[in-house]
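Undergrad: Whatever this is, show me its structure:
(2 chains)
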Amino acid sequence: MRTVFSILVVVLSLTAAAQNAPVTDPALKGAIDIHSHLDPDGFGPGRNGRNMDVLDMAKLAKDAGMRGFVIKMHYDQSADDAYIVRKLHPDLEVFGGIGTNFATGGLNPAAIRQMADVKGGWGRVVWMPTWDAKHYVEHNGNDRPFITVAKNGELVPEAKALIAAVAEVNHKTRVSGGQMVLATGHNAPEEVLLMVKYARGLGLPVVVTHPLLESVGMNMEQMKQAVAMGAYLEFVTAFTRQEATIKEYSEAIREIGPEHCIVSSDKGQGRGEEGHDGPSVSHVQGLAEAAQILRKNGFTEAELDLMFKDNPAKLLGLAVL
Amino acid sequence: MRITTVVAAIVLGAAGTTFAQAPHTHWEPYKNSATPPSVDQKLMDPVLDGAIDLHAHYGPDSYPRQWDAFEIAAIAKERGLRAIVFKNHWSETASLAYLVRKYGAQGIDVYGAVTLDTPIGGVNPQAVRYMVDVTGGYGRIVWMPTHDSEHEVAYNKEQRPSVAVARGGKLLPEVLEVLDLIAEHDLTLATGHVTPEETLMILDEARKRGVKRSIVTHPLLDPQFTFMTVPQLKQAVALGAVIEITAGSLFREGPGRQRVVDAIRAIGPENFFVASDSGLVGTPNHTDALVLAARVLRDNGWDEHALDVMFKDNPARLLKLPLLKHN
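TA: Residues are numbered from 1 along each chain as shown, chains lettered A, B, ... in the order given. Next up is the predicted model:
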């Protein structure tokens, strides 16, 4: 019992140390993480919060020399949190976004317009349905209501209206007049491609949400189609955990070309979320590990810069530094 | 699985397709007018000592707000307030309550809420569940639809999606589900800007379903919001509700002041509480507003005990906080 407790203490303190230790990597200098899960958040009935909050992240990002991050939400908007972080850390470029799951009314244009209208106008990324997406619910074998984005090979009118609302506020966010981004969420590959086509047609920058995670599951041909329509592909740092995924991701990015790819952390997990057992890893740590592994697998500093810095900046309508 | 209702989401999704142009709303002029800023009068008054503001608008918001949530909490703490609830018509505020508690003024209880207007899907049970789940667990009040209520949109003759709470004299299923959630999580209900009849139906049903604390949202402020007569308010009180008075309806000159004074005389201060509803640029800030309202009540004959009931004890009860002794 005592031994177990001691081990627990060691693990916990290692976790805390991992989160707080300064992380340095050339790929982080000027990087923007487009997928940071952070408190305050609630992610499903009775489930715990994130491994740190938006202001903890601001400090770590600054220490690592990062340029900024996007506060990813499944169930809420984070434009207001982004405003608060920027007020306290004016030297960081922090953005908010919104998930389009049931908690904000599903495919709800009013949610998009309101987010764009929040002071600062820092709510910039709209994720199509993630945890409540039909594809995701069915993929997980859940029996619960879901949100349908496409039928018979076509986006449903509600999905089109949602994307149109994003286009409507593009470059018109309050105060900042900034660029909006459509992220494709946890939808089926064919649905993702329909969204990319529709959103690109309306002039929106698009990022395909982690196409190689099981929750989406795109093949090379599909990823190339998305890229051909002008979308960026997002690769999240969970791939660093296994040799198989390290190989898969390295080869995929090489074949597609780093100029079309973005590496984001998708961290913040680790306090009880399913599929994310084990010590919690900070967003910054996750990015640093990914950079080191990609470097080992043949990617140059210039290529890492594209994936960690330049492409995120372009996606968000920022100048490339 | 606790997800059982998606009606609200579907209704709004359908509404969205017919809603291509930018919304025109009666508050749009507020957003773009060059109002001179509010002046912090720094008023101090015994009524602030231990007071609780259950209706505090804050920045960042889509309305222009002069002070942000951190600044408002700091001012409130400095002037003696015990607790504050952040109100936003379009977003949950439990998350902001968490950040302010962790990084802002200490020694004041900051709470959040959610309002069931269109941006969170209308009367959307999932939005209530989310607020309950947000880190810290500081979400306390659920407002039924306010600016997007069917009543307010119709009253202002606006062409935009609205949120209904009843049809054919019966509350909608999603309203019942939200009332059940309020009861389950022991939250406080606020009735929003619905019609008087809808308000009474909601209060009645809430009590039947085990909701323990209910607020009638400023029913004496203006016809575009819920506008109730004294007999209707007596019915609401009989259903266990406490009536909200917003400070401005007391300190602003005009017929509203007499309406409020008459209602408190007729129904008794023990059935009322005063909240600031402050936040608009150019109007008194939260603590100033409470002091100005208290002065008007004193001028109309209410003593310190009555003020304590309306500014401290009733708000404490509505937040499930213990009552404090007053000097």
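Undergrad: Quick check on whichever residue of the stretch 51-200 of chain B sits closest to chain A: phi, psi?
TA: Closest approach of the stretch 51-200 of chain B to chain A (C-beta to the nearest C-beta) occurs at residue B:121, with a separation of 2.4 Å. For the C-beta atoms, the positions are set from N, CA and C on the backbone; glycine is no exception. Per-residue torsions, residue B:121: phi 90, psi 20 (degrees, to the nearest 10).
Undergrad: For it, grab the count of nearby residues.
TA: 30 (other C-beta atoms under 10 Å in any protein chain shown).
Undergrad: Residue A:114 is in contact with that one, correct?
TA: No: using C-beta atoms under 8 Å, residue B:121 is not in contact with residue A:114; the gap is 11.4 Å.
Undergrad: returning to that earlier point: quick check: closest non-adjacent residue to the residue of the stretch 51-200 of chain B closest to chain A.
TA: Distances taken as C-beta to C-beta, 6 or more residues apart in numbering or on different chains place residue A:105 nearest to residue B:121, at 2.4 Å, with adjacent residues excluded.
Undergrad: For the one you found, give its distance to residue B:118.
TA: 7 Å (C-beta to C-beta, to the nearest Å).
Undergrad: still on that earlier bit, correct me if wrong: the residue nearest to residue B:121 contacts residue B:117.
TA: No: with contact defined as C-beta under 8 Å, residue A:105 does not reach residue B:117; the gap is 9.9 Å.
Undergrad: Which element, helix or strand, includes residue B:296?
TA: Residue B:296 belongs to helix B:286-299 when assigned by DSSP states H and E.
Undergrad: Pull that helix out as CSV, backbone CA atoms only.
TA: Listed next in CSV are the C-alpha coordinates belonging to helix B:286-299 (Å, rounded to 0.1, in the frame of the first residue of the first chain):
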residue,chain,number,x,y,z
HIS,B,286,-22.7,48.0,-10.4
THR,B,287,-21.9,49.3,-6.9
ASP,B,288,-22.9,52.8,-7.7
ALA,B,289,-26.2,51.6,-9.1
LEU,B,290,-27.0,49.6,-5.9
VAL,B,291,-26.3,52.6,-3.7
LEU,B,292,-28.4,54.9,-5.8
ALA,B,293,-31.3,52.4,-5.7
ALA,B,294,-30.9,52.1,-1.9
ARG,B,295,-31.1,55.9,-1.5
VAL,B,296,-34.4,56.0,-3.4
LEU,B,297,-35.8,53.2,-1.2
ARG,B,298,-34.8,55.0,1.9
ASP,B,299,-36.4,58.2,0.6
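Undergrad: what about the residue in the stretch 51-200 of chain A that chain B sits nearest to, neighbour count?
TA: Taking C-beta to the nearest C-beta as the measure, the point where the stretch 51-200 of chain A comes nearest chain B is residue A:105, at 2.4 Å. When neighbours are defined as other C-beta under 10 Å, residue A:105 has 29 of them.
Undergrad: and the closest residue to residue B:51 other than its chain neighbours, how far is that from chain A?
TA: Excluding the flanking residues, the one nearest residue B:51 by C-beta to C-beta, 6+ apart is residue B:311, at 4.5 Å. For residue B:311, the distance to chain A (C-beta to the nearest C-beta, to the nearest Å) stands at 28 Å.
Undergrad: remind me which residues of chain B are low pLDDT?
TA: Applying pLDDT under 70 to chain B flags the ranges B:1-23, B:327.
Undergrad: could you pull out the helices for it?
TA: With DSSP state H, the ranges of helices along chain B come out as B:7-17, B:28-32, B:69-78, B:94-103, B:125-133, B:150-155, B:173-184, B:196-208, B:230-238, B:247-251, B:255-267, B:286-299, B:304-308, B:314-318.
Undergrad: Show me the one of those helices that comes nearest residue A:75.
TA: Closest approach to residue A:75 among the helices of chain B (C-beta to C-beta): helix B:125-133, 4.7 Å.
Undergrad: So the closest one, near chain A or not?
TA: Yes: Helix B:125-133 reaches chain A (C-beta under 8 Å from any C-beta of the partner chain) through B:126-127, B:129-133.
Undergrad: so can I have CSV of those residues showing neighbour count?
TA: Formatted as CSV, the entries for the residues of helix B:125-133 next to chain A read as follows, by neighbours: other C-beta atoms under 10 Å in any protein chain shown:
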residue, neighbour count
B:126, 28
B:127, 30
B:129, 22
B:130, 29
B:131, 30
B:132, 22
B:133, 22
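Undergrad: which residues pair with residue B:59 across the strands?
TA: On the basis of DSSP bridges, residue B:59 is bridged to residue B:68.
Undergrad: and residue A:194, what helix or strand is that in?
TA: helix A:189-201.
Undergrad: which helices and strands sit right next to that helix?
TA: strand A:150-151, strand A:154-155, helix A:157-169, strand A:206-208, helix A:220-228 (3 or more C-beta pairs under 8 Å, 6 or more residues apart in numbering or on different chains; DSSP states H and E).
Undergrad: any idea which of those is most buried?
TA: For the helices and strands packed on helix A:189-201, the largest average neighbour count (mean count of other C-beta atoms under 10 Å in any protein chain shown) is found in strand A:206-208, namely a mean of 28.
Undergrad: residue contacts, the residue in the stretch 201-327 of chain B that chain A sits nearest to?
TA: Chain A sits closest to residue B:281 of the stretch 201-327 of chain B, with a gap of 11.5 Å, by C-beta to the nearest C-beta. Counting by C-beta atoms under 8 Å, 6 or more residues apart in numbering or on different chains, residue B:281 makes contact with B:35, B:37-38, B:64-66.
Undergrad: still on that earlier bit, mind checking the helices and strands packed on helix A:189-201 for the one nearest to residue A:188?
TA: By C-beta to C-beta (comparing all of those), the closest turns out to be strand A:150-151, at 8.0 Å.
Undergrad: ok, residues contacting that closest one?
TA: The contact list for strand A:150-151 (C-beta under 8 Å, 6+ apart) reads A:156, A:159, A:187-188, A:190-191, A:194.
Undergrad: Name the strands paired with that strand and say parallel or antiparallel.
TA: Partners of strand A:150-151, by DSSP bridges, with direction: strand A:154-155 (antiparallel).
Undergrad: any idea how far the strand it pairs with is from the chain center?
TA: Centroid separation for strand A:154-155 versus its chain: 24 Å, with C-alpha atoms, centre = their mean, to the nearest Å.
Undergrad: same question for it, mean pLDDT?
TA: Averaged across strand A:154-155, pLDDT comes to 98.
Undergrad: what's in contact with that strand?
TA: Against strand A:154-155 from outside (C-beta under 8 Å, 6+ apart): A:149, A:163, A:191, A:194-195, A:198.
Undergrad: from those, which two are the most distant?
TA: Within the contacts of strand A:154-155, A:163 and A:191 form the most distant pair, 12.2 Å apart (C-beta to C-beta).
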